[in-house]
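*Asks:* below: sequence and its predicted model.
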Amino acid sequence: MNDILNQLGQVLEERRRADPATSYVASLHQKGINKILEKVGEEATETLLAAKDATNGSSETRDAVVAETADLWFHSMIMLSHLNIEPQAVLDELARRFGISGLDEKASRPAS
Ligand SMILES: N=c1c2ncn([C@@H]3O[C@H](COP(=O)(O)OP(=O)(O)OP(=O)(O)O)[C@@H](O)[C@H]3O)c2ncn1[C@@H]1O[C@H](COP(=O)(O)O)[C@@H](O)[C@H]1O
């Protein structure tokens, strides 16, 4: 799984210097952070609406969740790239958390 994310990360870096007329990724960078965040928000909303529909368990609704989640991950990666954050940093953070129960982590936080 990391392979395709890393390969896509490399393509996204190359596309930052591409012609916005021929590259969707370059066109988003040209439009700026507000447009990129708008796309992330839009794809997040579409993902949750697809997931809500998928509770009937049909293959069509499952496919829609997969497609919308791919859109969300893709646009989140453009957001990271725009902010000069490598996708590997997110993978490293997930690796750091691996095996640590969310309930244990929450219980270990200082009282606020
Ligand atoms: N994975 C993707 C990918 N997923 C989705 N999209 C595009 O994301 C766009 C936005 O999706 P939407 O469904 O929201 O489309 P829309 O409603 O028309 O979008 P807006 O007009 O609202 O911006 C569409 O044009 C999709 O084709 C992608 N475009 C590119 N990639 C990857 O990025 C690489 C570089 O792409 P370019 O920069 O275009 O060369 C490609 O080779 C692919 O590997």
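*Replies:* Perfect, I can see it now.

*Asks:* kindly report the residues of the protein close to the ligand.
*Replies:* Counting by C-beta under 6 Å from any ligand atom, the chain comes close to the ligand at 8, 11, 15, 23-26, 71, 74. C-beta coordinates here come from the backbone N, C-alpha and C atoms, glycine included.

*Asks:* could you identify the most distant pair in these?
*Replies:* Of all pairs drawn from the residues of the chain next to the ligand, the one with the longest distance (C-beta to C-beta) is Ala26 and Asp71, at 17.9 Å.

*Asks:* after whichever helix or strand Ser27 is part of, which helix or strand is next?
*Replies:* In this assignment (DSSP states H and E), Ser27 forms part of helix 24-31. Later in the chain than helix 24-31, the nearest helix or strand by DSSP H and E is helix 33-53.

*Asks:* so that next one versus helix 24-31, what angle?
*Replies:* 130 degrees (axes from the mean of the first three to the mean of the last three C-alpha atoms, to 10 degrees).

*Asks:* next SSE after helix 33-53?
*Replies:* helix 59-82.

*Asks:* for the chain, which residue is closest to the average position?
*Replies:* With distances taken as C-alpha atoms, centre = their mean, the residue of the chain nearest its centroid is Trp73 (2.5 Å).
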